[in-house]
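Visitor: Would you be able to build a 3D model of this:
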Amino acid sequence: MSLSPKKRLAAACALGAAVVLGAAAPASAHVIVQPSSVPKDATDQTFAFRVPNEDDKNSTVKVEIDFPTDHPIPSVKVAPLPGWTDAIQTTKLATPIHTDDGDITDAVSQVVWTGGQITPGHFQDFTVDLGALPDGTDKVVFKALQTYGDGTVARWIEEPQAGQPEPKNPAPVLKLTAPAGDSDAAGTAAGAKATPAPAGTTNTTSTATAKADGSDSTARALGIAGIVVGVVGAAVGAVLGRRGRGTGTGASA
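Guide: Numbers count the residues shown, from 1 in each chain. Got it, this is the predicted structure:
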């Protein structure tokens with residue numbers, strides 16, 4: 001049975017809408033770290049690992065966040081979370097971290113939460129306070145393991161690559177931007193460049209601005225005058241029209 005042109009058009013619109021909605025559908029949720037970007041010189045920064053439950057039937061019963069050892073983080077404080085028990089694991093560093101307070105020989109390698117549940121359709125934030133962020137890198141890649149009640153483990157361990165599609169199981173990534181001090185220095189340098197012109201020189205920017213303002217004022221004045229002339233002309237035309245109609249009536253009589 002053939003469809004009428006209207007029905008064919010409606011079907012095409014419906015198909016197009018379905019394709020658009022399908023393309024706009026969000027990607028599968030995964031473990032992320034928030035905020036996802038901080039300056040390199042940030043200290044005592046609080047972060048939250050957001051863990052969504054993607055299983056329709058089983059609850060998440062264990063969360064493990066693995067910390068990098070190539071760019072180590074010396075210390076971590078974990079915020080208490082009702083219903084959950086946390087454990088911090090450390091590892092001996094092959095190369096100690098030198099600080100003003102002495103060498104740091106151990107760094108955090110893992111934080112594990114157990115005992116609680118993230119039920120289907122829900123998420124949970126696991127909050128930590130990181131000490132000094134690592135040097136010599138512009139990102140920190142964590143690896144997250146999410147264990148469900150049936151023993152299934154979701155491994156969020158694949159590092160996203162620039163210019164490549166997001167991997168199927170992306171790891172949480174914290175981006176480290178330029179230190180805040182660098183931004184302040186850049187602002188100061190920019191301010192220093194914006195110095196007043198020496199005495200006896202012409203400020204071309206101010207002159208151009210003044211000319212532009214004068215042109216705008218002239219244009220506005222001419223516009224207003226044109227409107228006034230138009231209104232007066234219309235009024236005069238109306239009066240003359242009424243007089244013409246009156247004269248024509250008298251002649252007919």
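Visitor: Below-threshold pLDDT in the stretch 101-250 of the chain: ranges please.
Guide: Low-confidence segments of the stretch 101-250 of the chain (pLDDT under 70): 181-250.
Visitor: What are the boundaries of the strands in it?
Guide: Counting by DSSP state E, counting those that start in this stretch, the stretch 101-250 of the chain has strands at residues 102-118, 123-130, 139-141, 143-148, 153-156, 173-177.
Visitor: Can you say which of those strands is nearest to residue 68?
Guide: Nearest to residue 68 among the strands of the stretch 101-250 of the chain is strand 139-141; the distance by CB to CB comes to 6.0 Å. The way it works is simple: take the backbone N, C-alpha and C, and place the C-beta from them, glycine included.
Visitor: Check the gap between the nearest residue to residue 43 once chain neighbours are set aside and residue 119 for me.
Guide: Excluding the flanking residues, the one nearest residue 43 by CB to CB, 6 or more residues apart in numbering is residue 132, at 6.1 Å. Using CB to CB, to the nearest Å, residue 132 is found at 36 Å from residue 119.
Visitor: for residue 65, which residues make a bridge with it?
Guide: residue 111, residue 144 (DSSP bridges).
Visitor: and it, how far is that from residue 157?
Guide: 11 Å.
Visitor: burial count for the closest residue in space to residue 76 that isn't next to it in sequence?
Guide: Residue nearest to residue 76 in three dimensions, not counting chain neighbours: residue 108, with 4.6 Å by CB to CB, 6+ apart. Using other CB atoms under 10 Å, the number of residues around residue 108 comes to 22.
Visitor: Contacts only, for residue 117.
Guide: 59, 60, 61, 83, 149 (CB atoms under 8 Å, 6 or more residues apart in numbering).
Visitor: Neighbour-wise, which one of those residues leads?
Guide: Most neighbours among these, by other CB under 10 Å: residue 60, with 25 neighbours.
Visitor: returning to what we had before: residue 65 and residue 157 - which one has more neighbours?
Guide: Shown here are residue 65 and residue 157; by other CB under 10 Å, residue 65 has more neighbours (23 against 17).
Visitor: more neighbours, residue 132 and residue 119?
Guide: The residue with more neighbours, out of residue 132 and residue 119, is residue 132; 17 against 12, by other CB under 10 Å.
Visitor: quick one: the helices in this structure?
Guide: Remark: helices assigned in the chain by DSSP state H are 5-24, 180-193, 204-252.
Visitor: returning to what we had before: let's have the strands of the stretch 101-250 of the chain in JSON lines, adding distance to residue 45.
Guide: Shown next, in JSON lines, are the strands of the stretch 101-250 of the chain (distance: least, CB to CB, whole Å):
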{"stretch": "strand 102-118", "distance to residue 45": "14"}
{"stretch": "strand 123-130", "distance to residue 45": "6"}
{"stretch": "strand 139-141", "distance to residue 45": "11"}
{"stretch": "strand 143-148", "distance to residue 45": "19"}
{"stretch": "strand 153-156", "distance to residue 45": "21"}
{"stretch": "strand 173-177", "distance to residue 45": "9"}
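Visitor: Compare those and report which one is nearest to residue 35.
Guide: strand 173-177 (8.1 Å).
Visitor: Noted, bye for now.
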